[in-house]
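Asker: Here is a sequence together with a model predicted from it:
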2 protein chains.
Amino acid sequence: MSTEEKIYFTYNQIHNTIQKLSKQIIASGYDPDLIVAIGTGGFIPARIIKTYISKPILTVGLRLYDANNKPKAAPEKIQWIDEVEKKLKGKKILLVDEVDDSRVTLEYCLRELLSDEPAEIAVAVLHNKNKEKRGTIPEEVKQYWAGEELEDKWICYPWDAVDIDKHGL
Amino acid sequence: MSTEEKIYFTYNQIHNTIQKLSKQIIASGYDPDLIVAIGTGGFIPARIIKTYISKPILTVGLRLYDANNKPKAAPEKIQWIDEVEKKLKGKKILLVDEVDDSRVTLEYCLRELLSDEPAEIAVAVLHNKNKEKRGTIPEEVKQYWAGEELEDKWICYPWDAVDIDKHGL
């Protein structure tokens, strides 16, 4: 993949996108009880959302690739929420991830979380890639927000930079 | 508290401190099986550490302050690791947090995690405040790293900025 096909984001650009995303959520009137971050990509977006929407964050961890970096048939749970039924049942959830790429992770998480009977569940992603999706958002999910819509390019997040001072240069 | 008593950090400064911290950990020969991030402060430092030390991240969530923003007698668990004994027993853990302030949170987490009989546990914090500590690091913990030693001032992290473009200005 050539350099032109990559998009670089700085931390401050992402912080500003999350601010815009949070304003959309607040403007919609959706008032979640809990934020659920999909790890590890959702950790940083969720932590920044918390600055604007001050709610507790729970995390779920998934592994989508095997040791050879090939996609697994189904995501493997690294961590799930303990006593999950008690914590989510009847609650309004905001599920947060970094990027909506194939939508497989989102669909998997949403279906798992819906089985715990939350009152409502909505999705906020930092970035959505405009591409054909392999996963679908279950129809029980009424609201979906993306901080920014992107073309289907390789996204270089600042937290993955080995040398942050040369990130994108 | 006056402006002079606050210290502001940019995201890139923190990323560089985490890079330095990760190099110290790698140089020590400590090779953890798992990173455990204390939420929500440890989410961003742990995610950046993962760029340098590629291990799965589990999270634990704690609440130290009550609804009136007064310190609670004991930290309240927001989330813990499900099936924690199975996941941590016999493993080498790297516990990560944002700041070692009073040391109460760290001591609480370390004692809880030690009860699950990990093979070894070490601590990495982004910042340590040089002050008298109310908590202590249990003696079973052999290694402790801080990315940077700071005076006892109010730290303003970039992820808490409402307007990131004016952060520290």
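Answerer: Looks like it arrived, so ask away. Numbering: from 1, shown residues only, chains lettered A, B, ... in the order given.
Asker: Report the beta-bridge partner residues of A:Ala122.
Answerer: Applying DSSP bridges to A:Ala122 yields these beta-bridge partners: A:Leu94, A:Gln143.
Asker: Give me the neighbour count for it.
Answerer: Neighbours of A:Ala122 under the rule other CB atoms under 10 Å in any protein chain shown: 19. Backbone N, C-alpha and C define where each C-beta goes, glycine included.
Asker: repeat for the one 10 residues further on
Answerer: Taking other CB under 10 Å as the criterion, the count of residues near A:Glu132 is 8.
Asker: Scan chain A for its longest helix.
Answerer: Taking DSSP state H as the criterion, chain A has its longest helix at helix A:11-28.
Asker: center of chain A - which residue?
Answerer: What sits nearest the mean C-alpha location of chain A, by CA atoms, centre = their mean, is A:Asp97, with 0.6 Å.
Asker: Tell me who's in contact with that residue.
Answerer: Applying CB atoms under 8 Å, 6 or more residues apart in numbering or on different chains to A:Asp97 gives the contacts A:37-38, A:41-42, A:45, A:105-106, A:109, A:123, A:125-126.
Asker: redo that, cut-off 6 Å
Answerer: Residues near A:Asp97 by CB atoms under 6 Å, 6 or more residues apart in numbering or on different chains: A:38, A:41-42, A:125.
Asker: Can you tell me which residues in chain A are near chain B?
Answerer: Contact residues, chain A versus chain B (CB under 6 Å from any CB of the partner chain): A:11-12, A:15, A:39-40, A:43-44, A:47-48, A:51, A:56-59, A:78-80, A:82, A:159-160, A:164.
Asker: Give the buried subset of the residues you listed as a PyMOL selection command.
Answerer: In PyMOL syntax, the buried subset of the residues of chain A next to chain B is picked out as below (16 or more other CB atoms under 10 Å in any protein chain shown):
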select buried, chain A and resi 11+12+15+39+40+43+44+47+48+51+56+57+58+59+78+79+80+159+164
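Asker: that older thread, return the member of the contacts of A:Asp97 nearest to chain B.
Answerer: Closest to chain B out of the contacts of A:Asp97 is A:Gly41 (8.4 Å), distances taken as CB to the nearest CB.
Asker: Let's verify the closest one: helix, strand, or coil?
Answerer: With DSSP: H, G, I helix; E, B strand; the rest coil as the basis, A:Gly41 sits in coil.
Asker: which residues sit in contact with it?
Answerer: So A:Gly41 contacts A:97-98 (CB under 6 Å, 6+ apart).
Asker: swap in A:Lys55?
Answerer: Shown in contact with A:Lys55 (CB under 6 Å, 6+ apart): A:32, A:34-35.
Asker: From chain B, how far out is the residue nearest to the centre of chain A?
Answerer: 13 Å (CB to the nearest CB, to the nearest Å).
Asker: Need phi/psi at that residue.
Answerer: Torsion angles at A:Asp97 (phi, psi; degrees, to the nearest 10) stand at phi -140, psi 170.
Asker: Which pLDDT does the model give it?
Answerer: A:Asp97 is assigned 97 on the pLDDT scale.
Asker: Against B:Phe43, how distant is it?
Answerer: As defined by CB to CB, to the nearest Å, A:Asp97 lies at a distance of 14 Å from B:Phe43.
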